[in-house]
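> Give me the fold of what follows.
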Amino acid sequence: MPVRTARAPRLSAGVVVVRRTPAGWLFLMLRAYRNWDFPKGIVEPGEAPLAAAQREVREETLIDDLEFNWGPECCETAPYSNNKVARYYIAETHTDGITLPVSAELGRPEHNEARWVNFPTALALSSPRVEPIVRWAAQTIGIPDAPRE
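Residues are numbered from 1 along each chain as shown. Next up, the predicted model:
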């Protein structure tokens, strides 16, 4: 009988996009159906994860002024959905308006809605898979009272 080996996780890369406002930091969250998340997508063969993350933000929101002020630090989710792992970076933008362009592959935008939200709202919208990423990002950018789980 052949021995089955565990399949390596598929890597997805994305960015926790944040914007500084007079009221404090806001997080860009995107909704696909009922699920809220950050811009992300599959890393293509030969593509660096950070480059894939930047590409996905541009494709999904048209934001192209990302500033990785916290360096290349990243945080990954546990494996989910067909052994996929999502790696997130943090970047600041000065872009306020979000455009959800039509995907050529889908014939519609990839997401149903985009919102700039504060930390408590980001936590409330997050699934159990995304919540640790929100907490990590909030702690990294220096939001008070944003402990890790």
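
> how about the helices of the chain, start to end?
49-61, 119-125, 131-141 (DSSP state H).

> ok, residues contacting the first one?
Residues outside helix 49-61 that contact it (C-beta atoms under 8 Å, 6 or more residues apart in numbering) are 11, 13-15, 17, 28, 30, 39-44, 47, 63-64, 66, 68, 72, 74, 87-89, 91, 98-101, 103, 110-111, 114. Quick note: C-beta positions are derived from backbone N, CA and C, even for glycine.

> so the strand ranked longest in the chain versus helix 131-141, what angle?
In the chain, ranked by residue count with DSSP state E as the criterion, the top strand is strand 10-21. Using axes from the mean of the first three to the mean of the last three C-alpha atoms, to 10 degrees, one finds that strand 10-21 and helix 131-141 are set 50 degrees apart in direction.

> Which residues are in contact with the most centrally placed residue in the chain?
Nearest to the centroid of the C-alpha atoms of the chain, with distances taken as C-alpha atoms, centre = their mean, sits Phe38, at 2.9 Å. Listed by C-beta under 8 Å, 6+ apart, the contact partners of Phe38 are 14-17, 27-30, 88, 130, 133.

> Same check on Trp36?
29-30, 125-127, 130.

> filter these to the buried ones?
With neighbours counted by 16 or more other C-beta atoms under 10 Å, the contacts of Trp36 contain buried members at 29-30, 125-126, 130.

> Widest-spaced pair of those residues?
Set against one another by C-beta to C-beta, these have their most distant pair in Leu30 and Ser126, with a gap of 12.0 Å.

> quick revisit: output the buried ones among the contacts of Trp36 as a markdown table; include the columns distance to Ala53 and pLDDT.
Listed next are the buried ones among the contacts of Trp36 as a markdown table, based on distance: C-beta to C-beta, whole Å; pLDDT from 0 to 100:
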| residue | distance to Ala53 | pLDDT |
| --- | --- | --- |
| Met29 | 16 | 98 |
| Leu30 | 14 | 98 |
| Leu125 | 20 | 97 |
| Ser126 | 18 | 96 |
| Val130 | 15 | 96 |
